[in-house]
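Asker: quick one: sequence and predicted model below, then my questions.
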Amino acid sequence: MAVRIAGRVLLVAIGLAAVGVGFFRFTGAFEAAGAHRGVPVCGTAEAGAGAECLHQESGRVTGKYEDGGDSTSYMLTVARETAPSGDYSVSKPFYRDVEVGSVVDLRVFRGAVVRLAYRGHQAEHLNILWMALLEAALVIGVGTSAVAQGLAAPPARKWWVAVSMAVPTAVTAIGGSAVLVGLQWPLAVTLVLSVLGWLVAVTVSWSAADYWNF
């Protein structure tokens, strides 16, 4: 009995450690996405020597199209001076006013376009680290599975139930992470919402494992 309890405690501890790693990766990706906010433009008085700043470029619109789905996205294809062309989402008024061949102002941070501007219109683009978010979601999913299995009432004859819950947990985590990164609410609020979401996920996984073990 003591060995079994120790094993369950160890499993929970390992799971919580994995979840912690996942949240750490998510926090890094969240901060990287909005790191350009508040950064001064290079060459201005606010930009200190050696400090990070927003580089100014010009880009030429080489194409525009509407991407229909659940909601229409208005996309511009912009050729940059120092990098390959890219597609960028803009507002409908921005899309209507710009033409193929128009020159737009770009702000570049760490090599990525973070803002487009044209005749009073602006469009911000977050540098979302999708691979980091995916890795964080997978680690959180596996960690949650371990925690749920450790908390489930013994004997854990159907361990595969908790393990299988790692998949929907990871999928939910990547979806929730993408939404929270896009919203860019204060980090404290984002972490509170993330932890609340994780508590719901581990409760569901725990309940499923507990139910099927009997």
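Answerer: Done, it's in.
Asker: spit out the contact partners of the closest residue to A32 other than its chain neighbours.
Answerer: Ranked by Cβ to Cβ, 6 or more residues apart in numbering and with sequence neighbours excluded, the top spatial neighbour of A32 is L129, at 5.6 Å. To be clear about C-beta, it is placed using only N, CA and C from the backbone, and glycine gets the same treatment. Contacts for L129 (Cβ atoms under 8 Å, 6 or more residues apart in numbering) come out as 28-29, 32-33.
Asker: just T77 next, same as before
Answerer: 61-65, 85-87.
Asker: tell me the contacts of the residue nearest to it when sequence neighbours are not counted?
Answerer: Spatial nearest neighbour of T77, excluding adjacent residues (Cβ to Cβ, 6+ apart): G63 at 3.7 Å. G63 is in contact with 76-77, 100, counting by Cβ under 8 Å, 6+ apart.
Asker: re the thing from before, list only those of the contacts of L129 flagged as buried.
Answerer: 29, 32-33 (16 or more other Cβ atoms under 10 Å).
Asker: any chance of the contacts of T77 in TSV, with pLDDT, distance to M1 and secondary structure too?
Answerer: As requested, those are exported to TSV (pLDDT from 0 to 100; distance: Cβ to Cβ, whole Å; DSSP: H, G, I helix; E, B strand; the rest coil):
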residue	pLDDT	distance to M1	secondary structure
V61	98	71	strand
T62	97	70	strand
G63	97	68	strand
K64	96	69	strand
Y65	95	65	strand
S85	93	65	coil
G86	94	61	strand
D87	95	60	strand
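Asker: buried set for the helix or strand hosting V192?
Answerer: For V192, the host element (DSSP states H and E) is helix 187-212. Neighbour-count burial for helix 187-212, with 16+ other Cβ under 10 Å as criterion, is recorded at 190-191, 194, 197-198, 201-202, 204-206, 208-210, 212.
Asker: sort the residues you listed by pLDDT and name the bottom one.
Answerer: pLDDT across these is lowest for W212, at 67.
Asker: give me the pLDDT for the residue lying closest to V204 once chain neighbours are set aside.
Answerer: Using Cβ to Cβ, 6+ apart and skipping residues adjacent in sequence, the residue nearest V204 is M165, 7.3 Å away. Looking at M165, its pLDDT reads 82.
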